[in-house]
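Visitor: Only the shape, not the letters, is given here:
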């Protein structure tokens, strides 16, 4: 196992909470950090007593405050309790809004065929939250954790991935946007890629595009990056503040079918973090054993000589990064699987990256 910087387990698992992850993070006004995430709990279901412990296990969304040094402050607390007749709530994304309040998007998953992306706000630094508003619904509509953007204008962008039939494992992306602090939402047109599959059945892969991330360049353009099953990250561009998009185009950055993270640094440079291994013979195109960081100007070029390997562990899966930029360092949280396989116990870890090490 190689780690460029120390890692800390901030959300360890236990006998009940087998998965604690898909973290989003925001700085509180007192300088502490608020993590929001889903606790997935093991369930015994069916006549044979099978254990349900994957994406579809019951989950509620919790919050945990961390001190500036990364240590927990107090106990975790429940933010959203999943209703009995709903499969789970998960994948939160929290941001500071233009009026100083906190806004959070999350996924409300009734079944694998019916889901919505939802929105709530907090006026008291995450202690209490408003009644939920629907961001997007109709079929299966969700979004990845910590993928939410507040533009310089105050407009909010909430990336969505959408399917009319989840069993096809073919999805497209839309970007919801709000100009009234999330009281109402509109949706962009579709961002689509072709359906792909291996005709000889060598491996399973998802198709189309899924789990988009989004950032705003200094010139006002919006970049949306896309998880694909095509061995590379793709991206689309908006020149009208997130209403319409051109592309998508191949970023020419090799990646398995796994979510990547993009954000804009204070200098205006773009920061990309992603799993950079690809093996078409493996399910989902690779094992997700290595997270890599690279920066770029507005041309979105990420050459190998500028890439920085952050962590590599061939015995465990490392995926679903999220990033928070502080003045002197970057906080990166990511999922850490107990074994080299999807499923099983998944904790969340923190790596603190000195800003000076990436030339900022």
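Guide: Nice, I can see it. The structure displayed is predicted, hence computed values, not measured ones. Numbering: from 1, shown residues only.

Visitor: Low-confidence stretches in the stretch 101-250 of the chain?
Guide: For the stretch 101-250 of the chain, applying pLDDT under 70 flags the ranges 198-205.

Visitor: And the strands in it, which stretches?
Guide: Counting by DSSP state E, counting those that start in this stretch, one finds strands in the stretch 101-250 of the chain at the ranges 102-109, 115-122, 133-136, 140-142, 149-150, 156-163, 170-178, 186-187, 207-216, 222-228, 232-238, 246-254.

Visitor: for the third one, the distance to its chain's centre please.
Guide: Centre-to-centre, strand 133-136 and its host chain are 18 Å apart (CA atoms, centre = their mean, to the nearest Å).

Visitor: contacting residues around that strand?
Guide: Here strand 133-136 makes contact (CB atoms under 8 Å, 6 or more residues apart in numbering) with 105, 116-120, 158, 160, 162, 174, 176, 178, 182-185, 187. (C-beta placed from N, C-alpha, C; glycine too.)

Visitor: contacting residues around the residue nearest to the spatial centre of the chain?
Guide: By CA atoms, centre = their mean, the chain has its centre lying nearest to residue 145, at 3.3 Å. Counting by CB under 8 Å, 6+ apart, residue 145 touches 21-24, 37, 90-93, 320, 322.

Visitor: Export the strands of the stretch 101-250 of the chain as CSV, with columns for mean neighbour count and distance to residue 9.
Guide: Converted to CSV, the strands of the stretch 101-250 of the chain look like this (neighbours: other CB atoms under 10 Å; distance: least, CB to CB, whole Å):
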stretch, mean neighbour count, distance to residue 9
strand 102-109, 26, 23
strand 115-122, 22, 27
strand 133-136, 20, 32
strand 140-142, 24, 27
strand 149-150, 20, 28
strand 156-163, 25, 28
strand 170-178, 23, 32
strand 186-187, 14, 38
strand 207-216, 24, 24
strand 222-228, 27, 25
strand 232-238, 22, 28
strand 246-254, 16, 29
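
Visitor: Go through the ones you listed and name the closest to residue 353.
Guide: strand 207-216 (17.6 Å; CB to CB).

Visitor: Determine the number of other residues adjacent to residue 312.
Guide: 17 (other CB atoms under 10 Å).

Visitor: swap that for residue 179, please
Guide: Other residues close to residue 179 by other CB under 10 Å number 15.

Visitor: Report the contact partners of it.
Guide: Shown in contact with residue 179 (CB under 8 Å, 6+ apart): 154-156.

Visitor: List just the nearest of the residues you listed to residue 301.
Guide: Using CB to CB, the contacts of residue 179 come closest to residue 301 at residue 155, 27.5 Å.

Visitor: Quick check: phi and psi on that closest one?
Guide: phi -60, psi 140 (degrees, to the nearest 10).

Visitor: so it makes contact with residue 178?
Guide: Yes. Contact criterion CB atoms under 8 Å: residue 155 and residue 178 qualify, at 7.0 Å.

Visitor: Let me know the distance separating the residue nearest to the centre of the chain from residue 313.
Guide: Distance of residue 145 to residue 313, given as CB to CB, to the nearest Å: 21 Å.

Visitor: same deal with residue 217?
Guide: Counting by CB to CB - residue 217 and residue 313 are separated by 33 Å.

Visitor: and if you look at residue 338?
Guide: 11 Å.

Visitor: go on, residue 345?
Guide: 15 Å.

Visitor: And residue 338 and residue 313? Which one has more around it.
Guide: residue 313 (19 against 15).

Visitor: what does the model give the nearest residue to the more buried one once chain neighbours are set aside for pLDDT?
Guide: Spatially, and ignoring its direct neighbours in sequence, residue 313 is nearest to residue 1 (4.4 Å; CB to CB, 6 or more residues apart in numbering). Here, the pLDDT recorded for residue 1 equals 89.
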